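**Student:** got a structure for you, letters missing:
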């Protein structure tokens, strides 16, 4: 896609969104009024609705960067979103589709006919087509592929063949390549002839006749070195490279650590096949952290906040169902001790404290561990050490806060033995929470699952059932 | 700081960490052995411990990029961390200190004497010094400031005067500036004379005699345009700029949206004062998402996973204490209904299901909303619409899952009226969860607080106390 010049940020995006919303509302008010005045008329379609608000809106949209329009589309409810989408100039459709989130993209594409989709996609690069393809109707994809030349088609196929979390799915093919035996003067003239350089070109790639990567020539070195020097003298021989089947998150960490802007992707024979750029990496980092947050809360995927009730239900049901089962188990644990509760009703009032504090503390532990694992900081052999630390925290918290609550329970129910049981149960449940907070994410990771996956639901399940069992069990043993 | 050439990633960081850990362990084994053999000797200090493992470790460290050493330091427990830190060449101390997290930085600095700190800091740029200064001993900062020239000192002061979440705290001062009335040929010659360009130089800044920003000249345009053209003809006149007192997170969003690599920072009179670069932005995005995760779990700040038990306790206590109070409130709510529970013990077993499902569902809602707010997607006037959607989801979930649990309760306790109360209570508590899931983050935001701030603890508090009250209240009304 061609690059759009970035306009100055005169007003914040929030302001612009407010302006769009206001114009949409004014338009709706006018429509309502017009339709009401012409209420007698049978055929509403014939009613002429003034469109001056829409024209003003269209002018506003024309001034905005595609990324800003994408942002506005994301923030609008479905109906308004489609109104705005229809006002956007057709030639910008492609850029905007590439910017919006998957959920919104589906909305927008559902509103386009095949002809519009083809027009929007026709100027896209291979990697952009590959991003879009999974959302497009099958026959549109087929037609698009037909229209490409052999190299482009091959690139789209190859990009589509990688998993979402592989480097290959992130790479693009907009590379400037050179030979090592030319002078910088020649390179400068060659670049000038290209008329335009790909975005994020901070280095050009040096390859041999077989396409094997020999090194990279950072633009900075090209600029500061004597033009008579050869590329081979100036280039970096041993650059950071990536493999298309490598892990995308590891690539992102390398970009962060080494402050990269672009990097070559090579195959097993070190042949250059593509390029990674920081913009894709930034998007990946953002998505990764979002899915971490969502997964911990037991949400399956990114949910458009204006998604229909039905979509939201489906997104949330799986973990709610799990939670229902675990809550039922906890309930049955209590059921085991109904005699004790009938005998001493105070137990019913105190047991949620034991479970609640355990859940809260367990969630703190698991959040810490999941984060450290995401940053690859949980090295070999550190499990035992982590466990020791978390257990230390748990015992201290249990004795201190459990002690406080124990005293309160003693004063409230005038029974010191109930207070002692309370303190003991809290300490034991906090220890359980610490153990599970370390073990759950580590076990998930060992089985190749995302350690954040519903970890919050699981730890709460453990500390609920465990807490009830410990507290009611101790009470039955010592107080009955 | 000078740039270190990035070495090829022959083996993954995890592997390197494993190698470091192994060498440390071998060294420890050797030390133990030597000390045991020389057990008779009184003065342990005189014992000669073979250091070949440490020398090998030192060689390994010399080969690593500073960022990789920083990573290894983060992943090591305190004692090993300091052993490795002492092996690192002094001239790399500065680079590494800038890479590690705040918690680890404090560790490392505590291990250095003033002389070492001064040596590490002497080559730093003003923005780097400003990053480090808050962690340094006061007299060291004083001495450092003394050693700077007036301009540098002014820059450090100015960088220190901004809040962490302001653009000014992120900017650096490594700018290449030009006049607009020279040709590109002259620019190329000028750059060549600089010998080295600052990192992340994808554009140079065009200013007038007063230092007012006239535009930016992207390096890409410099390379592809005719060298006889004037800068003024080729430059972008209306670039995205930032103000030093602007919000850093908004700047990060602009970088993401417009795929920026660097951007000028200007004062109110449009005078160029600094520069933002994507590497700082990437770090900010990472930190922002981390603090979102931590805040939701009620952790105050980033916690070094190998922090002492005492540090961890302090980090986690504030929210645990809040949770203790809310759990106590929930317990008192149950206390209100002790007579009903004594009368029908099944209530004690069923009540955690009502509370638990409410908490889970409320956490899902609040996670969605907090995320959407972080992305600025909750625009003016969308509260009502969001509320409607979340209430719809809540009512459906309540009727369906509440219905299932109601039937189970009926079968289990052979009382259809208990089942009906159960279903009604679950539906009402899910509605409460949806309302609070929307209102809590919005209210926090209205009062200028972080909407993620302990939101999980708060929603759970609401759905616990609320769930117990609703369920036991309904039971008391209809079943007693």
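**Tutor:** Now that the structure is in, tell me what you want to look at. For clarity, every value in this text was computed on a predicted model and none was experimentally measured. Residues are numbered from 1 along each chain as shown, chains lettered A, B, ... in the order given.

**Student:** quick one: low-confidence ranges for chain A?
**Tutor:** A:1-12, A:38-49, A:296-305, A:379-381 (pLDDT under 70).

**Student:** show me the contacts for the closest residue to chain B within chain A.
**Tutor:** Closest residue of chain A to chain B, CB to the nearest CB: residue A:289 (3.1 Å). Where C-beta positions appear, they are placed from N, C-alpha and C, glycine not excepted. The neighbours of residue A:289, taking CB atoms under 8 Å, 6 or more residues apart in numbering or on different chains as the test, are B:285-286, B:289-290, B:292-293.

**Student:** looks to me like it is in a helix.
**Tutor:** Yes: counting by DSSP: H, G, I helix; E, B strand; the rest coil, residue A:289 falls inside a helix.

**Student:** ok, of the contacts of residue A:289, which come out buried?
**Tutor:** Buried subset of those (neighbour count, 16 or more other CB atoms under 10 Å in any protein chain shown): B:285-286, B:289-290, B:292-293.

**Student:** kindly indicate which of these lies nearest chain A.
**Tutor:** Nearest to chain A among these, with distances taken as CB to the nearest CB, is residue B:289, at 3.1 Å.

**Student:** ok, that closest one to residue B:164 distance?
**Tutor:** Note on residue B:289: its distance to residue B:164, by CB to CB, to the nearest Å, is 16 Å.

**Student:** need the nearest residue in space to residue A:185, chain neighbours excluded.
**Tutor:** Nearest non-adjacent residue to residue A:185, counting by CB to CB, 6 or more residues apart in numbering or on different chains: residue A:227, 3.9 Å away.

**Student:** element containing the one you found?
**Tutor:** Using DSSP states H and E, residue A:227 maps to neither a helix nor a strand.

**Student:** among the buried ones among the contacts of residue A:289, which pair sits farthest apart?
**Tutor:** In the buried ones among the contacts of residue A:289, two members sit farther apart than any others by CB to CB. They are B:285 and B:293, at 13.1 Å.

**Student:** hang on, isn't residue A:344 packed against residue A:478?
**Tutor:** No: assessed by CB atoms under 8 Å, residue A:344 is found out of contact with residue A:478, at 11.3 Å.

**Student:** which of those two has more neighbours?
**Tutor:** More neighbours surround residue A:344 than the other of residue A:344 and residue A:478, with 19 against 12 (other CB atoms under 10 Å in any protein chain shown).

**Student:** next one: phi and psi at that one?
**Tutor:** Main-chain dihedrals, residue A:344, degrees, to the nearest 10: phi -140, psi 90.

**Student:** OK, contacts around it?
**Tutor:** With contacts defined as CB under 8 Å, 6+ apart, the neighbours of residue A:344 are A:418, A:475, A:479-480.

**Student:** ok, which pair from those residues is furthest apart?
**Tutor:** A:418 and A:480, at 11.6 Å, using CB to CB across these.

**Student:** related to what we said a few turns ago, can I get the contacts of residue A:344 in a markdown table including distance to chain B, neighbour count and secondary structure?
**Tutor:** Formatted as a markdown table, these follow (distance: CB to the nearest CB, whole Å; neighbours: other CB atoms under 10 Å in any protein chain shown; DSSP: H, G, I helix; E, B strand; the rest coil):
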| residue | distance to chain B | neighbour count | secondary structure |
| --- | --- | --- | --- |
| A:418 | 13 | 21 | helix |
| A:475 | 12 | 24 | helix |
| A:479 | 16 | 16 | helix |
| A:480 | 14 | 10 | coil |
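
**Student:** what about the residue nearest to residue A:185, how many neighbours?
**Tutor:** Residue A:227, neighbours per other CB under 10 Å, totals 15.

**Student:** need the contact list for it.
**Tutor:** The neighbours of residue A:227, taking CB under 8 Å, 6+ apart as the test, are A:183-185, A:188.

**Student:** likewise residue A:231?
**Tutor:** Residues in contact with residue A:231 (CB under 8 Å, 6+ apart) are A:178-184, A:187, A:206, A:217.

**Student:** so what's it closest to, chain neighbours aside?
**Tutor:** Nearest one to residue A:231, counting by CB to CB, 6+ apart, is residue A:180 at 4.8 Å.

**Student:** any part of stretch A:201-208 near chain B?
**Tutor:** Yes: Stretch A:201-208 reaches chain B (CB under 8 Å from any CB of the partner chain) through A:201-202.

**Student:** okay, buried residues for that stretch please.
**Tutor:** In stretch A:201-208, counting by 16+ other CB under 10 Å, buried: A:201-207.

**Student:** need these in CSV (columns: secondary structure and distance to residue A:118).
**Tutor:** Shown next, in CSV, are the buried residues of stretch A:201-208 (DSSP: H, G, I helix; E, B strand; the rest coil; distance: CB to CB, whole Å):
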residue, secondary structure, distance to residue A:118
A:201, coil, 29
A:202, coil, 34
A:203, strand, 35
A:204, strand, 33
A:205, strand, 32
A:206, strand, 38
A:207, strand, 34
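
**Student:** what's the most distant pair in those residues?
**Tutor:** Among the buried residues of stretch A:201-208, A:202 and A:207 lie farthest apart (CB to CB), at 17.4 Å.

**Student:** for the residue lying closest to residue A:338 once chain neighbours are set aside, list the residues it contacts.
**Tutor:** The shortest distance from residue A:338 to any non-neighbouring residue, by CB to CB, 6+ apart, is to residue B:345 (4.4 Å). When contacts are counted by CB under 8 Å, 6+ apart, residue B:345 touches A:338, A:341-342.

**Student:** what about these, which one has the most neighbours?
**Tutor:** residue A:341 (25 neighbours).

**Student:** wait, that one touches residue A:347, no?
**Tutor:** Yes: counting by CB under 8 Å, residue A:347 is a contact partner of residue A:341 at 5.1 Å.

**Student:** now list whatever residues contact both of these two.
**Tutor:** Shared contacts of residue A:341 and residue A:347, defined by CB under 8 Å, 6+ apart, comprise A:472, B:348.

**Student:** out of the contacts of residue A:227, which sit inside helices?
**Tutor:** Members of the contacts of residue A:227 lying in helices (criterion: DSSP state H): A:184-185, A:188.

**Student:** among the residues you listed, the buried ones, what's the PyMOL command?
**Tutor:** Remark: buried members of the ones in helices among the contacts of residue A:227, expressed as a PyMOL selection using 16+ other CB under 10 Å:
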select buried, chain A and resi 184+188
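
**Student:** and of the ones in helices among the contacts of residue A:227, the nearest to residue A:54?
**Tutor:** Minimum distance to residue A:54 across these is 49.3 Å, recorded for residue A:188 (CB to CB).

**Student:** so how far is residue B:272 from the closest residue to that closest one other than its chain neighbours?
**Tutor:** Excluding the flanking residues, the one nearest residue A:188 by CB to CB, 6+ apart is residue A:227, at 6.5 Å. In this view, residue A:227 and residue B:272 are 29 Å apart by CB to CB.

**Student:** and what of residue A:362?
**Tutor:** 51 Å.
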